[in-house]
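**Student:** What follows is a predicted structure for the sequence shown.
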Amino acid sequence: MTSFANPAALLGSEGTQLGHSEWVEVTQERINQFADATGDHQWIHVDPVKAADGPFGKTVAHGYLTLSLANLFLPQVLQVESFSMGVNYGCEKVRFPAPVPVGSRLRGVGEVVSAEEVKGGVQVVVRMTIEVEGGERPACVVDTISRFFP
C-alpha cells in the first residue's frame, strides 16, 4: 500500500506503483449473489453442471463482478490520510482479458496514471490490474477515477 498525507500530495505522483491488495477467492456463492443483485443468471455463471460442459469447464465470474472488486482493492493499495470526502467519479478503458473460473483467487495491483486539481479537490486516475493467481493474463484492467476533497 502507498499512503499520501493529503489529496494535494497526490499531485505529481504519476507513474507511482501502489503495490498489491490481498488475494480474494471467487466462490460460487459470491457469483450467485452477484447474479441475484444484477439479474444476470446466465448459465456460464450460475449452473455448475451445465458449465462443466461449456467453454470454460466450470462456472466463471461475471466480468462486472470482477470489475466491482476494483472497489474492494483500491483502498488496499491507495490510502489518503487526511481528507474530508472521497468519491468514485468513474472508470475508463475497462477490459476483461481473461475469464475468472470459480475458485480462482484475485488481487488488484495499482498504478497512478494521473493526478490533477479539480474544483475543491484532487482527481486521481489509478490503473487497477486485477490479476488471477497463476494466470498468464489479468482478469480485468480498469482506469478508476477518484476524487479526494481536503
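**Tutor:** Looks like it came in fine.
**Student:** And the residue nearest the centre of the chain?
**Tutor:** A70 (1.7 Å; Cα atoms, centre = their mean).
**Student:** correct me, but that one touches I130?
**Tutor:** Yes. Using Cβ atoms under 8 Å, A70 is in contact with I130, at 6.6 Å. Glycine gets a C-beta too; all of them are placed from N, C-alpha and C.
**Student:** Mutual contacts of the two, please.
**Tutor:** Shared contacts of A70 and I130 (Cβ atoms under 8 Å, 6 or more residues apart in numbering): G108, C140, V142.
**Student:** just the residues you listed now: which is nearest P99?
**Tutor:** Among these, C140 lies closest to P99 (Cβ to Cβ), at 10.6 Å.
**Student:** can you pull out the strands in the chain?
**Tutor:** Here the chain has its strands, by DSSP state E, at 2-4, 17-20, 24-25, 78-80, 85-95, 105-118, 121-132, 140-149.
**Student:** can you redo these as TSV with distance to I31 and mean pLDDT?
**Tutor:** Listed next are the strands of the chain as TSV, based on distance: least, Cβ to Cβ, whole Å; pLDDT from 0 to 100:
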stretch	distance to I31	mean pLDDT
strand 2-4	31	97
strand 17-20	23	98
strand 24-25	11	98
strand 78-80	27	97
strand 85-95	19	96
strand 105-118	12	98
strand 121-132	15	98
strand 140-149	15	98
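**Student:** In CSV, list these along with mean neighbour count.
**Tutor:** CSV is the format used below for those (neighbours: other Cβ atoms under 10 Å):
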stretch, mean neighbour count
strand 2-4, 15
strand 17-20, 16
strand 24-25, 14
strand 78-80, 19
strand 85-95, 13
strand 105-118, 18
strand 121-132, 22
strand 140-149, 21
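**Student:** Need the ones you listed in a markdown table (columns: distance to Q42).
**Tutor:** Formatted as a markdown table, these follow (distance: least, Cβ to Cβ, whole Å):
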| stretch | distance to Q42 |
| --- | --- |
| strand 2-4 | 37 |
| strand 17-20 | 30 |
| strand 24-25 | 21 |
| strand 78-80 | 33 |
| strand 85-95 | 19 |
| strand 105-118 | 20 |
| strand 121-132 | 20 |
| strand 140-149 | 18 |
